[in-house]
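**Q** 3D model of this:
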Amino acid sequence: MLAVGVWASTMKRPLALAMPATFPLLMALGALFAFSGVQIPQVEAGVAASVLVLGMILAVAWRAPTGIALTLVAAFGFLHGYAHGTEISALASAALYAGGFLIATVALHTLGMLLGYALARNARIVKLIGLTVAATGFWLLGAQILAA
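**A** You can find the predicted model right below:
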């Protein structure tokens, strides 16, 4: 979530605002799919891959074209929302549960954007953040592959 915010901070408006708005919207849709019982295989691997890709994007300072950036953010949001939706307790309120993870997501996007704006003059730190996120994604993806 932080990586989406940092990446958005490197983009020009209105894309900088559209990216962190798109992610939770598609996250909600993904959760709705999970709540309705739709089965999507390998979602955890997809989430791990999204972390790897977002980290690589930051590490190489890629300023993707608008359509590609929004498509990636939408797909990643959907996967994250679906994963959260599959983790709901049978006793939990779906609306409150989804509201909680959506509020947390918006807060993390905002924190990531603030961090990105604060570090705008220090591309090395942003790249280091990207490498750290990518390494985490690589590790998570490896764990998913080994578990399969």
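
**Q** buried residues in stretch 55-67?
**A** Going by neighbour count (16 or more other Cβ atoms under 10 Å), the buried part of stretch 55-67 is 55-59, 64. Where you see a C-beta, it was placed from the backbone N, CA and C, and this is true even at glycine.

**Q** for stretch 137-148, that is, sorry about that
**A** Under 16+ other Cβ under 10 Å, the buried positions of stretch 137-148 are 137-138, 140-141, 144.

**Q** and of those residues, the nearest to residue 112?
**A** The shortest approach to residue 112 among the buried residues of stretch 137-148 belongs to residue 137, at 15.4 Å (Cβ to Cβ).

**Q** what helices and strands are in contact with the helix or strand harbouring that closest one?
**A** Assigned by DSSP states H and E, residue 137 falls within helix 123-147. In terms of contacts (3 or more Cβ pairs under 8 Å, 6 or more residues apart in numbering; DSSP states H and E), helix 123-147 is packed against helix 2-9, helix 43-59.

**Q** picking that back up, could I get the buried residues of stretch 137-148 as CSV with distance to residue 90 and pLDDT?
**A** Listed next are the buried residues of stretch 137-148 as CSV, based on distance: Cβ to Cβ, whole Å; pLDDT from 0 to 100:
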residue, distance to residue 90, pLDDT
137, 30, 95
138, 34, 95
140, 26, 94
141, 29, 91
144, 25, 84
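
**Q** out of the residues you listed, which is nearest to residue 115?
**A** Of those, the one sitting nearest to residue 115 (Cβ to Cβ) turns out to be residue 137, at 18.2 Å.
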